[in-house]
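Asker: The following block contains a protein sequence and its predicted model.
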Amino acid sequence: MISEAGKPETQSEGGRVSHWRYAVGVCSVIALHLAALYVLLTTEYGPFAITLSLLAWVFANSAILLFLPRPGIAAALSLILTVVLIALSRFKFDILQLSLTFLDFLIIDRDTFSFLLSVFPRLRLPLLVVAIAAGPALWLIWRTDPLRVTRRLSLTLLALASISISAMAVAVPEQPWEPFQGVNHISNLARSGVVAVSRLTSTGWIEADPPAHAALALAPGAHAAAPAALAPDMPCNTSAKRPHIIMLLDESSFDVTSAPGIKVPAGYTDYFKSSDGKQRTMIAESTGGPTWYTEFNVLTGLSARSFGDLKFYVTRIAAGRVTRGLPHALQRCGYKTVSLYPTYGDFLGARAFQKGTGVDRFIDMADMGVNEDMQPDKFYFDQALKVFAREQPERSPVFMFVYLTANHFPWWNVYRSDLTPAGWTPPGNTAEVDEYIRRQAMTANDYREFTERLKRDYPDESFLVLRFGDHQPAISQQLLEPGIDRARLAKRLMAADPRYYSTYYAIDGINYSPSNLSSALETLDAAYIPLVLQEAAGLPLDPSFMEQKSIMLRCKGTFYACRKGAEARRFNRLLIDAGMIKGL
């Protein structure tokens, strides 16, 4: 129970001191709890979120009281923790449009802190000041706190808070879109903890069939197109003449004419066609948001959806653990592999992830000499030309992964009006949609100049270019089904409705005709892009990609959704057994 600490003073002066210290101590404890109540009530919205945040407050206090039975210290430490978590969550939301989740604490690495301080170096001083100021304040609270809490009471409160939080999280599961609201930081963090722990205890980091000692046990509905183990790899002739490969990630780009009533300039859809005149659709795994889902797809040939509720952190989870991928497949055929990354390489572990998949040279924003990731597409094309000029004398074929960022949100402001193509006239949609289309016209113009320069400067070299939209822009959700209510839209997004996840992919040759387009289906999941690119370049597939091609043909271009995930789970198990996925 709660008791008063210490012995009563015998002298009157000592009694007054004791009474003063007691009053100060009790008032401090009350003040700390009231301060916490104020913080929670001003950052949490709705009875459910407020109740959950208060339970989280009880949980934090009870956990500390198990080791330090002074309620003043417990309240002070819990208040510091609460304020720091809310501040970090708000900071993260400002940068990523996503508030803090439990996974941020499960996956803590050097890159996380490096990125945090590189994008906001002024954090160093506030963190230092808070650390210095907290010491004396905690010492004063410790000295004046007259109350003690028994371990039995602490354990009881901790158990009640844990059960209540879990019950509320199960009764009202956290929706994937909630962290994107930028509110309810503590309650969402508590709910995400329940989700993450439940996920990890049930399926682990990645969905995969259970290990088998003999033949692989297939999931219900899956077909075995290959033996339980991948076939032995066959060497690739590194002396053969190969085309240089450029893979372009076209930020937020899709054919906006798929939305009703949209006006576009003449020839608008030509940009989305391949050199064979066909227009192809790529199904991404994100919409209006995370580029790194598609980055993971096209580099590994795997599905971010295999990570379930943890997929937001897929590149951090996969860093150093998923080695199967396009860059390694190209290296076996003699390619130099380069990535031109538009922001800091520490962002979500991008550098470690890409190097793990076989990227030789990872060039980030700092290496390119800029401090903003949103640069005109011409900037990144020029960077690609510089890299090629440095690598080309070695006579090895070069693979470059290039990101284009000019069409990044927001579209309510005019970005670099000086780069508007000659003759551009707004088609007559809303200002936001017209700005989106104008930036697409800028990309098409810069791409055309880039390919013309490659033809002119390197007439004896051949190039294969595969470009794709990483996801639809956020504004597409207002355009595809005008007037749809938020509840129905949420169901569409949760069900991965292709209308909201369809972008494009196109294959072009410069002094080169793509060798084999048998994998370039009219509609294709993003995880098959590495397969398409290798066959278009005339490269022999390694056993893992041979197996994946059989899945692609069997599933008619779908990957994760095929047979309710059974094919992806089986394939993940094959890669785990082959050592291409480790520690997951």
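Answerer: Noted; the coordinates are in hand. Numbers count the residues shown, from 1 in each chain.

Asker: Pull out the buried positions in whatever helix or strand Tyr447 lives in.
Answerer: Element membership for Tyr447, per DSSP states H and E: helix 431-457. Buried residues in helix 431-457, counted by 16 or more other CB atoms under 10 Å: 432-447, 450-451, 454. Any C-beta I mention is one placed from the backbone N, CA and C, and that applies to glycine too.

Asker: now do stretch 353-373
Answerer: 353-365, 368, 373.

Asker: and for that stretch, what are the contacting residues?
Answerer: Residues outside stretch 353-373 that contact it (CB atoms under 8 Å, 6 or more residues apart in numbering): 296, 299-300, 315-316, 318-331, 336-345, 350-351, 379, 383, 387, 401, 405, 408.

Asker: Just these: which are in strands?
Answerer: Using DSSP state E, the members of the contacts of stretch 353-373 that fall in strands are 336-340, 401.

Asker: from these, which two are the most distant?
Answerer: Lys336 and Leu340 (13.3 Å; CB to CB).

Asker: These two: who's more crowded?
Answerer: Legend: neighbour count by other CB atoms under 10 Å for Lys336 and Leu340, higher for Leu340 (23 against 20).

Asker: ok and the helix or strand that the helix holding Tyr447 is followed by relative to helix 431-457, angle-wise?
Answerer: The helix or strand immediately downstream of helix 431-457 is strand 463-469, counting by DSSP H and E. Strand 463-469 runs at 170 degrees relative to helix 431-457, counting by axes from the mean of the first three to the mean of the last three CA atoms, to 10 degrees.

Asker: Show me what strand 463-469 is packed against.
Answerer: For strand 463-469, the contact count by 3 or more CB pairs under 8 Å, 6 or more residues apart in numbering; DSSP states H and E identifies strand 244-250, helix 431-457, strand 505-510, helix 529-536 as packing neighbours.

Asker: and the contacts of stretch 353-373, which are buried?
Answerer: Buried among the contacts of stretch 353-373 (16+ other CB under 10 Å): 296, 299-300, 315-316, 318-319, 321-331, 336-345, 350-351, 379, 383, 387, 401, 405, 408.

Asker: buried sites along the helix or strand hosting Lys491?
Answerer: Assigned by DSSP H and E, Lys491 belongs to helix 486-494. For helix 486-494, the neighbour count (16+ other CB under 10 Å) marks 489, 492-493 as buried.

Asker: and that helix, what's its mean pLDDT?
Answerer: On average, the pLDDT along helix 486-494 is 82.

Asker: now do stretch 528-545
Answerer: pLDDT averaged over stretch 528-545 gives 96.

Asker: re earlier: closest one of the buried residues of stretch 353-373 to Ala537?
Answerer: Closest to Ala537, out of all of the buried residues of stretch 353-373 and judged by CB to CB, is Gly358, at 15.5 Å.

Asker: just checking, that closest one is part of a strand?
Answerer: No. With DSSP: H, G, I helix; E, B strand; the rest coil as the criterion, Gly358 is coil rather than part of a strand.

Asker: Distance check, it against Glu207.
Answerer: Gly358 sits 24 Å away from Glu207, going by CB to CB, to the nearest Å.

Asker: Same check on Asp346?
Answerer: Relative to Glu207, and taking CB to CB, Asp346 is found at 28 Å.

Asker: ok, these two, which is more surrounded?
Answerer: Shown here are Asp346 and Glu207; by other CB under 10 Å, Asp346 has more neighbours (22 against 19).
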